[in-house]
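Asks: Provide a 3D model corresponding to the input given below.
(one chain, ligands or ions: 1)
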Amino acid sequence: MKYTIACFMAFCVAGGVSAQNKSEVALKAKINGIVSKMTLEEKIEMLHGNALFSSAGVSRLGIPELTCDDGPLGVREEIKRFDWASANWTTDSATFLPNGSAIAATWNPVMANRYGVVIGEEANARKKNVMLAPAFNICRMPLCGRTYEYYSEDPYLNSQLAVQSVKGIQSQHVAACIKHFAANNQELNRDSVNTIVDERALREIYFPAFKAAVQQGNAYTIMSAYNKLNGYWCSENDYLLNKVLKNEWGFKGAVISDWGGVHHTVAAANNGLDIEMGSSGPYDQWYFAQPLLKAVKEGRVPVKTIDDKVRRILWVIYHTSMSTNHPKGSIATAAHAKAAYDIASESIVLLKNDNHLLPLKAGNIKSIAVIGDNAVRTFALGGYGAGVKAKYEVTALAGIKSRFGKIASISFAQGYKANYLASNSDEQNRGYDQPDQKLIDEAVARAKTSDVAILCIGSNREYESEGHDRKSLELPFGEQALVNAVSAVNPNTIIVIMAGAPYDLNDIKKNNHAVVWSWFNGSEAGNALADVLKGVVNPSGKLPFTFPVSLKDSPAFALNTYPGKGATAEYKEGILVGYRWYDTKKIQPEFPFGYGLSYTDFSVNHFSADKTTYGKNETIRAKFTIKNTGSRYGAEVVQLYVSDPVCSVLRPEKELKGFKKIFLNPDETKIVELDVKVSDLAFYDEGKKSWNTEAGEYILQLGNSSRNISKTVKIRVK
Ligand code: BGC
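Replies: Next up is the predicted model:
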């Protein structure tokens, strides 16, 4: 009987795979049938925007419009069809989800997946087929204005999270639009800069998350970036779009331009772009409208190229709005709020806790001074770029009141003025970095008479914004003066920094003993933060990028390649991005990649690999035990780095090749296995134009940050 069931199961599984193939074959035939019935004019209509966030269908054949909306922080509010003004709907209040670097700080692919599911469900409720998210350009340069939207400086962490975000979104029959392809790593001059990046750096650093999102996540759409890459606009880059994305990686979906990011008709059409999008009409004058029709008629763009684009778009439509069992979706539900809370809780990074002030011991605290503009500020909107009309957003002050209000008196002082708008000129923003002595005095008075001062500082969505890079790493708004003044009068000062990118925390690191990093952490930010302060949540976030001691330590500045000379930014550091640079060049960071503390302690032991020598097609199974040796439930992110000490080319000191977040009760021990494919130890060989795993010794290094390696094991590759 058992045997019969097993055979039946095997038959079903095999049948299931071929059923999926069969349905793809049937879909292909159906799409070909539709294309054969379309006029050239109808085809061209599908290839460009017909409004700000849609492109045409073919109503005669029952094909709907392709509708999209912005992420990544949540589904953007409905705007008017032809301009950016609010459509004033009352049904589009959404869940505000933690920003990209916050998701990355969870180091938990499950959280990335849950993020995606929420986005997908809310997109369906709003009848959007394509979500312009996630965004995961590599955090190459700490000042980039969109660092908060992006994930990490590391391609492996980036890839693991990107795949799960895409899978989550697309599980709801909504297309993810992974962006911005490729090497869009600064906002300054983003519409004109020509980034010069060697092929090895592209393959090892800038491409992996896109490749993984396409090949493992089956991303349905991708957005070409504004910039040029190695001399060609990304929207008309044959190497990028045709050769790598479509031919090598087998991307089946549609390439959508960034808004207004197309420059020519024929080059873009022949070099891989499928849909032109932009911000203003007249839509029939766009490159992919009348000019494209003319180019096809004149034989400069083949009809078969147009047909391929239409097929790709129809394929996306059949997997989204025209899919069978298309979910109805839901918006701003309690389950979505719970997902936002869980992600935020896991993203918060404990940077310092020297005197064990945290978690706050409820019984001893009768009064709390909450200080800082960020304690009462919301982050769902602000600056340029997509935000969310949040159904609600719990501020830090509201969260602290709800968690501590019954046991302590809570007072508030603003502490500083955030006098900065992304839309202002430098002249109008002048003085934004100056402290406000009156506000500092008020804050000091509050702090003096309170048992604890919680200082909520950092930046905001005006200061970190699309279209701009920050000018320095310094904390803005005179915040350091506020920190100094408050810390001087209250030894129980906790610094909470809310921001999405690295800042200069040298003085805080030196002088303060309790430091917590939060983010633009979504609708539930204040509750998650207060639960971390109270110890209801044990912090488990780890930094997804390095905090340099000084800007000049970071590769783009050390090599003087930012913002570039003339219109060109040459990525001279090559593969040495992020910790790869700091480690290889032996530069001490302020806080290293992968760093974050907990309220409990862990010990990692018995690190081993299943063999000593491996063939190039094998998988290394690394194994270790981890024990929670403290007294609280908590999670540790164990990180597996690999180094290749002897190689024919320069290799970084170490590279992340695996990680796992492990949740443990006090005294609990778990045995953990991490698999690394030997082929993933390869470097990209520019001479051979292929991946190369050289034979020899490799060192597996296990740690809880890139600078705290506790165990190593040597292996050999044959
Ligand atoms: C941004 C994209 C965004 C698009 C539509 C562009 O300026 O770079 O990320 O999806 O606008 O709002």
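
Asks: Contact partners for the residue lying closest to T320 once chain neighbours are set aside?
Replies: Ranked by Cβ to Cβ, 6 or more residues apart in numbering and with sequence neighbours excluded, the top spatial neighbour of T320 is N129, at 4.1 Å. C-beta coordinates here come from the backbone N, C-alpha and C atoms, glycine included. Contacts for N129 (Cβ atoms under 8 Å, 6 or more residues apart in numbering) come out as 66-68, 123, 174-175, 316-317, 320-321.

Asks: State the distance from the closest residue to the ligand within the stretch 351-500 of the chain to N230.
Replies: The ligand sits closest to A386 of the stretch 351-500 of the chain, with a gap of 5.7 Å, by Cβ to the nearest ligand atom. Distance, A386 to N230, using Cβ to Cβ, to the nearest Å: 28 Å.

Asks: Comparing these two, which shows the higher neighbour count?
Replies: A386 (19 against 15; other Cβ atoms under 10 Å).

Asks: Leaving out chain neighbours, which residue sits closest to that one?
Replies: Residue nearest to A386 in three dimensions, not counting chain neighbours: D70, with 3.5 Å by Cβ to Cβ, 6+ apart.

Asks: Now the residue in the stretch 201-350 of the chain that the ligand sits nearest to: which helix or strand?
Replies: Relative to the ligand, the nearest point of the stretch 201-350 of the chain is W259 (4.0 Å; Cβ to the nearest ligand atom). Per DSSP states H and E, W259 falls between elements, in no helix or strand.

Asks: can you pull the contacts of it?
Replies: Counted by Cβ under 8 Å, 6+ apart, W259 has contacts 277-279.

Asks: are any of these buried, and which?
Replies: When those are checked for burial by 16 or more other Cβ atoms under 10 Å, the buried set is 277-278.

Asks: what mean pLDDT does stretch 375-383 have?
Replies: Per-region confidence: stretch 375-383 scores 97 on mean pLDDT.

Asks: and what of stretch 508-528?
Replies: pLDDT averaged over stretch 508-528 gives 98.

Asks: Buried residues in that stretch, which are they?
Replies: Buried residues in stretch 508-528 (16+ other Cβ under 10 Å): 508-509, 512-528.

Asks: now the residue of the stretch 201-350 of the chain closest to the ligand: how far from Y384?
Replies: For W259, the distance to Y384 equals 12 Å [Cβ to Cβ].

Asks: Helices along the stretch 301-450 of the chain, start to end?
Replies: 303-319, 334-347, 396-404, 426-429, 437-448 (DSSP state H, counting those that start in this stretch).

Asks: element containing F659?
Replies: strand 655-664.

Asks: Strand partners (parallel or antiparallel) of that strand?
Replies: The sheet places strand 655-664 alongside strand 634-643 (antiparallel), with pairing taken from DSSP bridges.

Asks: okay, how far is it across stretch 255-270, tip to tip?
Replies: 12 Å (Cα to Cα, to the nearest Å).

Asks: Now that stretch: buried residues?
Replies: 255-259, 261-262, 264-270.

Asks: try stretch 481-494
Replies: Neighbour count says stretch 481-494 has 481-483, 485-487, 489-490, 492-494 buried, by 16+ other Cβ under 10 Å.

Asks: ok, now stretch 496-507?
Replies: Using 16+ other Cβ under 10 Å as the test for burial, stretch 496-507 gives 496-505.

Asks: Which ones among the contacts of W259 map onto strands?
Replies: Assigned to strands by DSSP state E, none of these qualify.

Asks: if we take the contacts of W259, which one ends up nearest to S540?
Replies: Checking the contacts of W259 against S540 with Cβ to Cβ, the nearest one is M277 at 38.6 Å.

Asks: Phi, psi for the closest residue to the closest one other than its chain neighbours please.
Replies: Distance criterion Cβ to Cβ, 6+ apart; nearest residue to M277, sequence neighbours excluded, is G49 at 4.7 Å. Backbone torsions of G49, given as degrees, to the nearest 10, read phi -60, psi 140.

Asks: you'd agree G49 is up against W286?
Replies: Yes. Counting by Cβ atoms under 8 Å, W286 is a contact partner of G49 at 7.1 Å.

Asks: Name the residues contacting each of the two.
Replies: 276, 278.

Asks: And the nearest residue to E474 once chain neighbours are set aside, how close does it get to the ligand?
Replies: What sits nearest to E474 in space, not counting adjacent residues and going by Cβ to Cβ, 6+ apart, is D504, at 5.3 Å. Note on D504: its distance to the ligand, by Cβ to the nearest ligand atom, to the nearest Å, is 27 Å.
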